[in-house]
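Trainee: Mind folding the following:
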Amino acid sequence: MIGARRAAIAAVAIVIAGGARADVSSGVDPLAAALVDKWLAAQNAGDFAAYRALYAAKFTGIRRSGARTVELDLDGWMKDRARMFAKKMTVRADELRTTASADGVHARFRQTFASGRYQDAGDKELLLVRRGDALEIAREEMLQSIRGGGADSGDAKLIFVPAKSADEAAAAAARMTGAFAGVKAFSFAAGFPETRPNGVALGVCDASALDDVVVTLRQVDPRVTVEPAKGRAPACPTLAQNSDTHEAAWSWPRVESVRAGDDVLSVLVFSRDEAEQGDFARQYKQSQTLALLKDKRGELIDRKLLESESDFSELDGVEAGKRTIAVREKFVDEPCDGTNRHRWAQLQRTVTFGAAAGKLTARVETRKLDGGRCSDDEARAVSGEHHR
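Mentor: Prediction:
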């Protein structure tokens, strides 16, 4: 969860003297937060026994590094982790959120891991099950891994998808441009994607924009990585701008990902908040929702692009379930503009994305929240401000 989500939560992880605390948002399960704190502290202190004690006997671990994915049981996971504990490491957890479900408590956060010269970052999810009065980890999965993600270097980085042949590189470029076809919020810089014999370059970004761009692109292709730009001038993918102020009118997407059987469902919600200038100016609020389905190899197998109900629709939430992701928005069917007395209704639309037989599904539900009749004191700008 990136861009606007980071600003809303103001994530700051605290790592101190051999221990750590997860950065949390409001409403987090306190037992889950306590377990994540212990999990961080054990790793940052190099205490393997304390780390192992946090895991359930019946455990599944999904490890990702770049495009590589490995599934392990408890013994395999601990054998792999023991090698990791042989070196000093620093582990951070930002933006911790929890969701209760029938199978336990799902704790999700953005992990940053560094050991020696290696560093990666990405969203991680722990499934926590009850053991007496405490919780233990029954499943751990790195939903995405960005090599070099979270680095503070000011040097520009090339965003790149490696390929074994020119044909594979061309296919990767087509997949990336096809996935974002019709997305008004986002565009590649001129000349990108740039196909090469050994892969496809997607842009050159400085550190301030790197994480948002890479996380967005990795929802399409998990092989996206970063490497030194070797003197190339920045040419980074950008958000659409307000034509009057030339500032970004859209935000980087809120991203949620869940497993849907053997596949991975990802939903990216780009939000627009733009005000025109001048006597007859008006405000726009809307979103574009891009749903992507990838198979277990990370190949994109289906996509859906959904528009807001109107150009004044406020995003009301994005919620990941066990195998689905729900996107909610509020809007007014016929906003008042001060010139008439028609009836209006404020509605909430919920679109729940899922997957079946390798295809995306979308269930739409609409319910009425409020209503009334327009009056002479309604705002003349079609802003919906009286109906929010």
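Trainee: Burial check on residue 102, number of neighbours?
Mentor: By the measure other CB atoms under 10 Å, the count of residues near residue 102 is 5. C-beta: built from backbone N, CA, C; applies to glycine.
Trainee: heads up, I number from 23, so please use that
Mentor: With the count now opening at 23, the last piece we talked about shows up as residue 124.
Trainee: what pLDDT does residue 128 get?
Mentor: On the pLDDT scale, residue 128 is placed at 92.
Trainee: gap between the nearest residue in space to it that is not next to it in sequence and residue 307?
Mentor: What sits nearest to residue 128 in space, not counting adjacent residues and going by CB to CB, 6 or more residues apart in numbering, is residue 121, at 4.7 Å. Per CB to CB, to the nearest Å, residue 121 is found 27 Å from residue 307.
Trainee: So for these two, which sits in the more crowded spot?
Mentor: Between residue 121 and residue 307, counted using other CB under 10 Å, residue 307 has the larger neighbour count: 22 against 18.
Trainee: name the element that one belongs to?
Mentor: Per DSSP states H and E, residue 307 falls inside strand 305-316.
Trainee: which other helices and strands contact that strand?
Mentor: In terms of contacts (3 or more CB pairs under 8 Å, 6 or more residues apart in numbering; DSSP states H and E), strand 305-316 is packed against strand 285-297, strand 322-329, strand 335-342, strand 347-354, strand 365-378, strand 381-395.
Trainee: Please name the residues that touch the residue nearest to residue 128.
Mentor: Counting by CB atoms under 8 Å, 6 or more residues apart in numbering, residue 121 makes contact with 127, 128, 130, 341, 342, 343.
Trainee: for stretch 100-108, which positions count as buried?
Mentor: 100, 103, 107 (16 or more other CB atoms under 10 Å).
Trainee: Now do the helix or strand containing residue 280 and strand 335-342, the angle between them.
Mentor: For residue 280, the element it lies in under DSSP H and E is strand 276-282. Here strand 276-282 runs at an angle of 40 degrees relative to strand 335-342 (axes from the mean of the first three to the mean of the last three CA atoms, to 10 degrees).
Trainee: I'd like to know which elements strand 276-282 is packed against.
Mentor: Short answer (3+ CB pairs under 8 Å, 6+ apart): strand 276-282 packs on strand 285-297, strand 335-342.
Trainee: Give me the angle between the first one and strand 347-354.
Mentor: Going back to what we said before, that points to strand 285-297. 20 degrees.
Trainee: Restricting to C-alpha, output strand 285-297 in CSV.
Mentor: Output in CSV follows, covering the C-alpha atoms of strand 285-297 (Å, rounded to 0.1, in the frame of the first residue of the first chain):
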residue,chain,number,x,y,z
ASP,A,285,-3.1,-17.4,-8.5
VAL,A,286,-2.5,-13.9,-7.1
LEU,A,287,-5.2,-11.2,-7.3
SER,A,288,-3.9,-7.6,-7.2
VAL,A,289,-6.1,-4.5,-7.2
LEU,A,290,-4.6,-1.0,-7.8
VAL,A,291,-6.9,2.0,-7.1
PHE,A,292,-5.7,5.3,-8.6
SER,A,293,-7.5,8.4,-7.0
ARG,A,294,-8.0,11.8,-8.6
ASP,A,295,-8.5,15.0,-6.6
GLU,A,296,-8.4,18.0,-8.9
ALA,A,297,-9.8,21.5,-8.8
